[in-house]
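# the following block contains a protein sequence and its predicted model.
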Amino acid sequence: MTAPGRVILTPFIDAAAIQRRVLELADAIAKDVQSGELLVAGVLKGGFVFTADLVRVLNRLGIHVRIDFLRVSSYGSGTVSSGTPVLSGDLSEKLNGRRVLLVDDIVDTGRTSRFVHDRIMERRPAWLRTCVLLDKPRRRVVPFDADYIGFRVPDAFIVGYGLDYDNQYRDLPELSVIRFADRDPEPPFSFRVEGGTVLFKGHLDAKAAEDAGDTLLRWHGDLELDLAGMQGADRDGMNFLSRLRESLSEKGFTLSIRGLKRTLQETRQEYHKC
Ligand code: IMP
Ligand code: MG
């Protein structure tokens, strides 16, 4: 497939935020595993960076693993799944009676994860959990719930940190959204995560709130919102901000907000109720 026009990469989740989340995931996994043997099964190619980082943090937490890889192909060279996953490289370890942690880059339609999970279950492991860096819940065609999820993300095509477009960009240390100048217009709203700060850009309305909600309403940790690049917000946008504050405080985290612009004056009153 030829790329439709100039490629635009927009930073989405930076390396620091990824590393923070990898630490939290490893911590949750370590608590569940406690001790004993664990076989980490990474899914190639997309899961290679995430698997490498995760096992090294697990090691620091005292969980020493064995590592194996399998390879599944489901995408051609584009951004649309061909739909049929194929096991193009198998694990070399036996799974019978063992504890297995499957590690992959992303659950999109769910077809690949479902397929891999079911193939592994046939081999009767004693315990099987799935850990994915990204989850696009709104794209699901086949039901699948991962046990450990790094970030829930909106329906955009994401590259970097192992994820590719046409086998490129896997080496980027951060996650970016890819779009093509001729085909995909600049979205009216976007946000990016830098460490514990989220920077909003554009107009925060219901659609924007829904997009941001996938990632932020599930956030673990304190969060700072930088609204300097935000052009405005309507009532739905304001409601979203208050829901975000509630959801974080329920989990014991705080939300602080900076960079409120003059353009938000009209909604300020509602805003202060957040
Ligand atoms: P699924 O079978 O539709 O869930 O797709 C899973 C596979 O599609 C992943 O392992 C990725 O290789 C690829 N994929 C899905 N969405 C993205 C994306 O946003 N960026 C890069 N690869 C993706
Ligand atoms: Mg993949």
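It's in. Residues are numbered from 1 along each chain as shown. Ligands and ions are numbered 1, 2, ... in the order given.
# ok, and what's touching stretch 153-167?
Stretch 153-167 is contacted by residues 1, 3, 9, 12, 15, 18, 45-50, 77-79, 105-106, 133-136, 138-139, 168-170, 172-179, 210-212, 214-215 when judged by CB atoms under 8 Å, 6 or more residues apart in numbering. Every residue, glycine included, has its C-beta placed from N, CA and C.
# how about it: buried residues?
By neighbour count on 16 or more other CB atoms under 10 Å, the buried set for stretch 153-167 is 153-154, 156-166.
# near ligand 1, from the residues you listed?
The subset of those lying close to ligand 1, counting by CB under 6 Å from any ligand atom, consists of 157-159, 163-164.
# quick check: helices, which of the residues you listed are part of them?
Here DSSP state H is the test, and these give no hits in helices at all.
# report the longest helix in this protein, please.
Max-length helix for the chain by DSSP H is helix 15-33.
# what does that one contact?
Contacts to helix 15-33, defined as CB under 8 Å, 6+ apart, come from residues 50, 53-54, 57-58, 60-63, 99, 101, 129, 131, 133, 148, 150-151, 161, 173-175, 193-196, 220-221.
# what's the average pLDDT for that helix?
For helix 15-33, mean pLDDT is 97.
# next SSE downstream of that helix?
Per DSSP states H and E, helix 15-33 leads on to strand 38-44 as the next helix or strand towards the C-terminus.
# next, the buried residues of the helix or strand that that following strand is followed by.
Sequence order places helix 48-60 as the next helix or strand after strand 38-44, per DSSP H and E. Using 16+ other CB under 10 Å as the test for burial, helix 48-60 gives 48-51, 53-55, 57-58.
# ok, and what's touching helix 48-60?
Against helix 48-60 from outside (CB under 8 Å, 6+ apart): 18-19, 22-23, 25-26, 29-30, 38, 40, 42, 64-65, 67, 69, 103-105, 131, 133, 150, 161-162, 170.
# contact residues of the protein facing ligand 1?
Residues of the chain lying close to ligand 1 (CB under 6 Å from any ligand atom) are 46, 74-75, 81, 104-113, 157-159, 163-164.
# just to revisit the earlier point, just the contacts of stretch 153-167: which are in helices?
Taking DSSP H, the ones among these that sit in helices are 15, 18, 48-50, 210-212, 214-215.
# which of those sits closest to S242?
If you rank these by distance to S242 using CB to CB, A212 comes first, at 13.4 Å.
# surely that closest one touches S190?
No - taking CB atoms under 8 Å as the definition, A212 is not a contact partner of S190, at 9.2 Å.
# what does the pLDDT read for the spatially most central residue of the chain?
Centroid-nearest residue in the chain: L134, 2.5 Å away (criterion: CA atoms, centre = their mean). In this model, L134 is scored at 98, pLDDT.
# in space, what's closest to it - neighbours in sequence excluded?
Nearest residue to L134, sequence neighbours excluded (CB to CB, 6 or more residues apart in numbering): I106, at 4.1 Å.
# count of neighbours near that neighbour?
Neighbour count for I106, taken as other CB atoms under 10 Å: 23.
# contacts only, for it.
So I106 contacts 46, 132-136, 158, 163 (CB under 8 Å, 6+ apart).
# what's the PyMOL line that selects buried ones from the contacts of stretch 153-167?
Typed into PyMOL, the line below selects the buried ones among these, using 16+ other CB under 10 Å:
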select buried, resi 12+18+45+46+47+48+49+50+79+105+106+133+134+135+136+169+170+172+174+175+176+177+178+179+211+212+214+215
